[in-house]
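Asks: build me a model:
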Amino acid sequence: MKVTFPHMGNMYISIKVLLETIGIKYVMPPFCNKKTLEVGSAYSPEFVCLPFKILLGNFIRAIENGANVILMGGGCGQCRLGYYGDLQAEILKSLGYKAELICLDVGNMTFKDVLDKLRPLTEGRSVIDILKGIVYAVRTVLLVDRLNKLANHIRCREINKGEADSVMRQFHSSIEKAVGFKGVKDILTSTRNQLKKIGIDKKVQPLKVAIVGEIYVSLEPFTNLNIEKFLGNMGVEVHNTLSISHWITSHFIKNILPVKLKDKPREAGKEFMRTDDIGGHGLETIGNSVLSAKCKYDGVIHIFPFTCMPEIIAQSTFGELQDKYNIPIMTLIIDEMTGEAGYMTRVEAFIDMLERKRGYGKKDIEAC
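Replies: Numbering: from 1, shown residues only. Below is the predicted model of the structure:
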């Protein structure tokens, strides 16, 4: 039995740690690229969203490399993620691929439910190893997100452009060869130390831009054309509001706590959307835009896949939100036909506008 899983940003690192600690054999699909998209798109419904097509491409390529069990997350509400598992399983079956798909809707499952769902994979494994695997995976998520945040902080301030990118390229290359939590942690520590040695201009005051939207395209560099790196190299400090650690905290850890904690983005989003849920991360998109404005960010970039209903609903509130909080918001809609040149031109134009806006603000202050 060999397990595989889809790529979504840096999530593969924590899943790798989980499976290696428990002692489960796995096949990591090739990192998302043009071929992955082409394979997935060829067998997907035409108007289904981009994440579905890329995930299907991940599964097909992994199965062809020997995987026979697929692990993926589920969803609920108006987001179609809740139907991904059933439909993708039928597509794979119709293509003649023999693989069992295990779908974990951790947003609606208890810790016991998760363990029961994974029992076919963990049978005969040590309970201690299973618990250690879960703990190490969560710790890895937190450490990787902290590292990515540090890289974003340094990239926009570095004196010699490209140093942070070089360090992070080496990180991803080394992490593939690392074994277990200790191996991954050692590389994380080493990479963090290398980033801190990069010379930065402490006087620079970069524009601050928040990324909000649908979690998959916000976190997967292939789908968003490496927008975090692109903005950072333009001298923009990027804050991606949709991290894996936040997803785990809000959809899993909070569910097992005896006291229910409020989710700040969701609560903030209710100012413009009077409902508890519009599916996906739509409510968080609104709330994170509000919180970014209150934290004095210069602008917000909203990213989502074509036809994503929760994000379309969230976008409908932006006119009122921008008027009230005076924060510019640009929306980028992504599909397999998105052209890099036009995409980057729009981003550059938005950053130019933010720079002019900040410049006008300074002139107004000086005039007073």
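Asks: now do the strands in the chain.
Replies: 3-4, 69-73, 100-104, 207-213, 236-240, 299-305, 329-334 (DSSP state E).
Asks: next, count neighbours for Leu219.
Replies: Per other C-beta atoms under 10 Å, the neighbour tally for Leu219 reads 24. For glycine as for every other residue, the C-beta is placed from the backbone atoms N, C-alpha and C.
Asks: and if you look at the one 5 residues further on?
Replies: Other residues within reach of Asn224 by the criterion other C-beta under 10 Å amount to 24.
Asks: got a list of what it touches?
Replies: Going by C-beta atoms under 8 Å, 6 or more residues apart in numbering, Asn224 touches Val217, Ser218, Ile303, Leu332, Ile334.
Asks: quick revisit: same list (the strands of the chain) but as TSV, adding mean pLDDT and mean neighbour count.
Replies: Formatted as TSV, the strands of the chain follow (pLDDT from 0 to 100; neighbours: other C-beta atoms under 10 Å):
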stretch	mean pLDDT	mean neighbour count
strand 3-4	94	23
strand 69-73	86	21
strand 100-104	84	16
strand 207-213	97	25
strand 236-240	96	23
strand 299-305	97	25
strand 329-334	96	20
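Asks: which one of the ones you listed lies nearest to Met11?
Replies: strand 69-73 (9.3 Å; C-beta to C-beta).
Asks: now the closest one: how far from the chain's centre is it?
Replies: Computed by C-alpha atoms, centre = their mean, to the nearest Å, the separation of strand 69-73 from the middle of its chain amounts to 17 Å.
Asks: got the angle for it vs strand 100-104?
Replies: 20 degrees (axes from the mean of the first three to the mean of the last three C-alpha atoms, to 10 degrees).
Asks: for the strands of the chain, give me CSV that also has distance to Arg157.
Replies: Listed next are the strands of the chain as CSV, based on distance: least, C-beta to C-beta, whole Å:
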stretch, distance to Arg157
strand 3-4, 38
strand 69-73, 35
strand 100-104, 39
strand 207-213, 12
strand 236-240, 8
strand 299-305, 18
strand 329-334, 23
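Asks: nearest to Gln170, of those?
Replies: Nearest of the strands of the chain (C-beta to C-beta): strand 236-240, 20.6 Å.
Asks: with distance to Ser243 added, can I get the contacts of Asn224 in JSON lines?
Replies: Output for the contacts of Asn224, formatted as JSON lines (distance: C-beta to C-beta, whole Å):
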{"residue": "Val217", "distance to Ser243": "14"}
{"residue": "Ser218", "distance to Ser243": "9"}
{"residue": "Ile303", "distance to Ser243": "14"}
{"residue": "Leu332", "distance to Ser243": "19"}
{"residue": "Ile334", "distance to Ser243": "19"}
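Asks: now flag whichever of the residues you listed is closest to Gly133.
Replies: Ser218 (26.8 Å).
Asks: who touches the closest one in this structure?
Replies: Ile211, Val212, Asn224, Asn240, Leu242, Ile303.
Asks: by mean pLDDT, which helix or strand of the protein comes out lowest?
Replies: Least confident helix or strand, the chain: helix 254-256 with a mean of 63, by mean pLDDT, DSSP states H and E.
Asks: neighbours around the nearest residue to Tyr325 once chain neighbours are set aside, how many?
Replies: Among residues not flanking Tyr325 along the chain, Ala293 sits closest, at 3.6 Å (C-beta to C-beta, 6 or more residues apart in numbering). By other C-beta under 10 Å, the residues close to Ala293 number 21.
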